[in-house]
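Student: A predicted structure for the sequence below; I have some questions about it.
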Amino acid sequence: MQQRYGDLDYPFLTKAGFLFGVGLLALGAAAELIGHAVVGELPGWEDRLFTYSEALGILIAFFSVWIFGIYLPLTE
């Protein structure tokens, strides 16, 4: 039988989205720490880039669990 949202693998999408978000958070935090340790004061665009990647990582990790792990499987 055809599912409502196609043939989505919800457990894989949940885990992959969460790990992508955590990886983006870790990459942004590590780059900011290493950048400040090596260079000292980072240019504004780099500081903003790393800060936005941390925030985006948190949002992706949070919402991928809620969307692919809870909401979409319940609405099938």
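Tutor: That came in fine, so what should we check first? This is a predicted model, so every value here is computed, not measured.
Student: I'd like to know how far the spatially most central residue of the chain sits from Val39.
Tutor: Closest residue to the average C-alpha location of the chain: Gly21 at 1.8 Å, with CA atoms, centre = their mean. Note on Gly21: its distance to Val39, by CB to CB, to the nearest Å, is 27 Å. In this view, the C-beta of every residue, glycine as well, is placed from N, C-alpha and C.
Student: longest helix of the chain?
Tutor: helix 10-38 (DSSP state H).
Student: what is the least confident helix or strand in the protein?
Tutor: helix 72-74 (a mean of 89; mean pLDDT, DSSP states H and E).
Student: leaving out chain neighbours, which residue sits closest to the residue nearest to the centre of the chain?
Tutor: Distances taken as CB to CB, 6 or more residues apart in numbering place Ala61 nearest to Gly21, at 2.8 Å, with adjacent residues excluded.
Student: quick check: mean pLDDT of the longest helix of the chain?
Tutor: The average of the pLDDT scores along helix 10-38 is 96.
Student: so which bits of it are buried?
Tutor: Neighbour counts over helix 10-38 (16 or more other CB atoms under 10 Å) mark Tyr10, Thr14, Gly17, Phe18, Gly21, Leu24, Leu25, Gly28, Ala31, Glu32, Gly35 as buried.
Student: what sits against Ile58?
Tutor: Applying CB atoms under 8 Å, 6 or more residues apart in numbering to Ile58 gives the contacts Gly21, Leu25.
Student: remind me which helix or strand it belongs to.
Tutor: helix 44-64 (DSSP states H and E).
Student: ok, Gly40 next?
Tutor: Gly40 belongs to no helix or strand, assigned by DSSP H and E.
Student: for it, give its distance to Thr75.
Tutor: 50 Å.
Student: could you do Leu8 as well?
Tutor: From Leu8 to Thr75 the distance is 12 Å (CB to CB).
Student: these two: which has the busier surroundings?
Tutor: Leu8 (14 against 8; other CB atoms under 10 Å).
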